[in-house]
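Student: Below are the sequence and a predicted model; questions follow.
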Amino acid sequence: MNSYCKLSVNINKIATLRNARGGNMPDVLQIAKDCERFGAQGITVHPRPDERHIRYQDVIDLKGIIKTEYNIEGYPSEKFIELVLKVEPQQVTLVPDPPDVLTSNAGWDTVKHTSFLKEVVGVFNKKGIRTSIFVEADPYMIENAVKCGTQRVELYTESYAQMHSSNPNAAIQDFIIAARRANEVGLALNAGHDLNLKNLAYFYQHIPNLKEVSIGHALICDALYYGLQNTIQMYLQQLKKGHKIYNDN
């Protein structure tokens, strides 16, 4: 039976709201604790060089707060690597974002950047930090991720999300193929980007051995209407729904 997929809540948008007015409202640390209390199985942060949302100090302060799984994602610059090694989270997710990008918009070319990624992953492996490489639904890029020494890949799901409302079956096909290839080469699977209450269950029910989804923007937007506690429970229910359908089939 496929084990349950975990929900990791990305709290970047909470920090964006706080930074808009200065001070400490909303309190990023308290929100992280509340997300866990309301059922989230992990917390994700994505610090960027300009600290426009999560600040480097937030990342450090959260280390003593988070009781579930701590996932730090970002481009592996020297400063980012130093931060991760200092905090020692359970997982680090490597994304190929240039400094000025608004949000993640591509996966790694694991062929072109094999040497670089292998070196970075090796640093984290020595510290016992699980690594995940952000990739598109391309079996070839997933195969080459193995050469980098990573334990997981995170599927970049924007294309799925964009197509899901008009043609869910077509939207999921590349991801099914990619997931199967990851399973074949021994890589565990995460997923994230634009997953929401409308498309999450369908995604999960079709993806074998999905371990974790990281959701931030959509979840925080939904929380404006439903409240944070209710929203997290609604996302967990979608995962339960997808889990049941997958295992029933």
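Tutor: Thanks, I have it.
Student: Is the spatially most central residue of the chain part of a helix or strand, or is it coil?
Tutor: Nearest to the mean C-alpha position of the chain, by C-alpha atoms, centre = their mean, lies residue 214 at 3.5 Å. Under DSSP: H, G, I helix; E, B strand; the rest coil, the three-state class of residue 214 is strand.
Student: now the protein, which segments are flagged as low pLDDT?
Tutor: 1-2, 98-105, 246-247, 249 (pLDDT under 70).
Student: all strands of it, in order?
Tutor: 6-10, 42-45, 69-74, 91-94, 130-135, 152-156, 188-192, 210-215 (DSSP state E).
Student: and the first one, what does it pack onto?
Tutor: Under the contact criterion of 3 or more C-beta pairs under 8 Å, 6 or more residues apart in numbering; DSSP states H and E, strand 6-10 touches strand 42-45, strand 69-74, strand 210-215, helix 217-226, helix 228-248. Where C-beta positions appear, they are placed from N, C-alpha and C, glycine not excepted.
Student: Go again with 6 Å.
Tutor: strand 42-45, strand 210-215 (3 or more C-beta pairs under 6 Å, 6 or more residues apart in numbering; DSSP states H and E).
Student: How far off centre is it?
Tutor: Distance, stretch centre to chain centre, for strand 6-10: 7 Å (C-alpha atoms, centre = their mean, to the nearest Å).
Student: Strand 210-215 and that one, what's the angle between them?
Tutor: Relative orientation of strand 6-10 versus strand 210-215 (axes from the mean of the first three to the mean of the last three C-alpha atoms, to 10 degrees): 20 degrees.
Student: for the strands of the chain, which one sits closest to residue 230?
Tutor: strand 6-10 (13.6 Å; C-beta to C-beta).
Student: Enumerate the positions of that closest one that are buried.
Tutor: 6, 7, 8, 9, 10 (16 or more other C-beta atoms under 10 Å).
Student: Name every strand pairing with it and say which way it goes.
Tutor: In the sheet, strand 6-10 lines up against strand 42-45 (parallel), strand 210-215 (parallel) (DSSP bridges).
Student: Outside of it itself, list whatever touches it.
Tutor: With C-beta atoms under 6 Å, 6 or more residues apart in numbering as the test, strand 6-10 has contacts from 35, 40, 41, 42, 43, 44, 71, 212, 214, 216, 235, 236.
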